[in-house]
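Student: the following block contains a protein sequence and its predicted model.
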Amino acid sequence: MSSRTDEQAADPQVDVLMYHSISNGAGPTNIAPALFESQMRALAEEGVSVVSLSDLADWRAGRRTLPPRSAVITFDDGFADFAHTAFPVLKAHGFTATVFLPTGCMGGVENWRGADIPPRPLMSWAEVERLAGEGISFGGHGISHANLAAMSGSGLDDEISRPRSDLEARLGVPAEHFAPPYGLSSPHVQREIARVWRTSCGTRFGRMDRSEDIYDIPRIEMYYYRDPALWRRHLRGEGGAYLRRRKLLRTIRGMILKPWVQ
């Protein structure tokens, strides 16, 4: 029996895809528009079902099933190019997505540690409201894109809690999903997130299955699947060795970043 058949017979492992900016800039948080379109086309042509983070949470809790090959599409930071470049591609394929917003920064430019130079513009609230009406889900990404693992007390509470009230006041629908900036968290931060949000997406490299923590959901960073053939092999269940290698390298990277977290 082929690996693809084995994958379909088992309980699904879901790819939660992580994007930032869909633009021609350099660096790992930029994916060229043509490449993004190719990656989305591959999802459609390979028969992968795109589901929402809420669907994923229901499946993780045992309240629903998912198709054997499923994916969730997420974007961090709320860059303006999501509205004019990524969304039309998603809409053409009938795909939904969740965009995590640093709610105190909308309408401005990225101004946090690690930002591109020149800084990239962020969506306005008017664009967010329009896209919410088109079926895009929005979640929290802090207020100021701060390192939550280095915070405590009321400052930490504000960065976790206020994005939900901001989103719900603007959009008039429940906000359920969160992603800590930089993927930096801690057991304490995760407990605080769990008080407010239904899920939280991290940056651990890997697939989501029922054994994973719903408050540290692993994701597939799409910068590492810029090779279209490699991405197709992954979608067909043939890219296990590459996935394992990337997971190991991500773990090592996390160990290097640990002093900053502390």
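Tutor: Structure's in. What do you need? Given the structure is predicted, the values throughout are model-derived calculations rather than measurements.
Student: ok, residues contacting whatever helix or strand Val16 lives in?
Tutor: According to DSSP states H and E, Val16 maps onto strand 15-19. Contacts with strand 15-19, where a contact means CB atoms under 8 Å, 6 or more residues apart in numbering, come from 31, 36, 48, 53, 56, 70-76, 86, 201, 203, 207-208, 217-222, 234. All C-beta spots, glycine's among them, are computed from the backbone N, C-alpha and C.
Student: who does that strand pair with, and is each partner parallel or antiparallel?
Tutor: When pairing is defined by DSSP bridges, strand 15-19 lines up against strand 70-76 (parallel), strand 217-221 (parallel).
Student: quick one: distance of the last one to the chain centre.
Tutor: This means strand 217-221. Centroid separation for strand 217-221 versus its chain: 7 Å, with CA atoms, centre = their mean, to the nearest Å.
Student: just the angle between whichever helix or strand comes after that strand and strand 15-19, please?
Tutor: As assigned by DSSP H and E, the chain's next helix or strand after strand 217-221 is helix 228-235. In terms of direction (axes from the mean of the first three to the mean of the last three CA atoms, to 10 degrees), helix 228-235 departs from strand 15-19 by 150 degrees.
Student: quick check: buried residues in helix 228-235?
Tutor: Trp231, Arg232, His234, Leu235 (16 or more other CB atoms under 10 Å).
Student: name the nearest of these relative to Leu156.
Tutor: Ranked by distance to Leu156 (CB to CB), the buried residues of helix 228-235 are led by His234 at 36.0 Å.
Student: pLDDT score for the residue lying closest to that closest one once chain neighbours are set aside?
Tutor: Leaving aside its sequence neighbours, His234 sits nearest to Tyr225 (CB to CB, 6 or more residues apart in numbering; 6.5 Å). Per-residue confidence (pLDDT) for Tyr225: 96.
Student: which strands and helices lie in contact with the host helix or strand of Val89?
Tutor: Assigned by DSSP H and E, Val89 belongs to helix 87-93. If contacts are counted by 3 or more CB pairs under 8 Å, 6 or more residues apart in numbering; DSSP states H and E, helix 87-93 sits against helix 33-45.
Student: show me where the stretch 101-250 of the chain dips below the pLDDT cut-off.
Tutor: Scanning the stretch 101-250 of the chain for pLDDT under 70 picks out nothing.
Student: circling back: would CSV of the buried residues of helix 228-235 with distance to Pro119 be doable?
Tutor: Shown next, in CSV, are the buried residues of helix 228-235 (distance: CB to CB, whole Å):
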residue, distance to Pro119
Trp231, 29
Arg232, 34
His234, 32
Leu235, 34
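Student: among these, which one sits closest to Arg244?
Tutor: Using CB to CB, His234 is the member of the buried residues of helix 228-235 that lies nearest Arg244, at 11.8 Å.
Student: how about the strands of this protein, start to end?
Tutor: 15-19, 21-22, 30-31, 49-50, 70-76, 98-101, 137-140, 177-178, 199-205, 217-221 (DSSP state E).
Student: got the ones you listed as a markdown table, with distance to Gly239 and mean neighbour count columns?
Tutor: As requested, those are exported to a markdown table (distance: least, CB to CB, whole Å; neighbours: other CB atoms under 10 Å):
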| stretch | distance to Gly239 | mean neighbour count |
| --- | --- | --- |
| strand 15-19 | 11 | 24 |
| strand 21-22 | 23 | 24 |
| strand 30-31 | 18 | 22 |
| strand 49-50 | 19 | 18 |
| strand 70-76 | 14 | 24 |
| strand 98-101 | 24 | 26 |
| strand 137-140 | 28 | 25 |
| strand 177-178 | 27 | 25 |
| strand 199-205 | 13 | 23 |
| strand 217-221 | 10 | 22 |
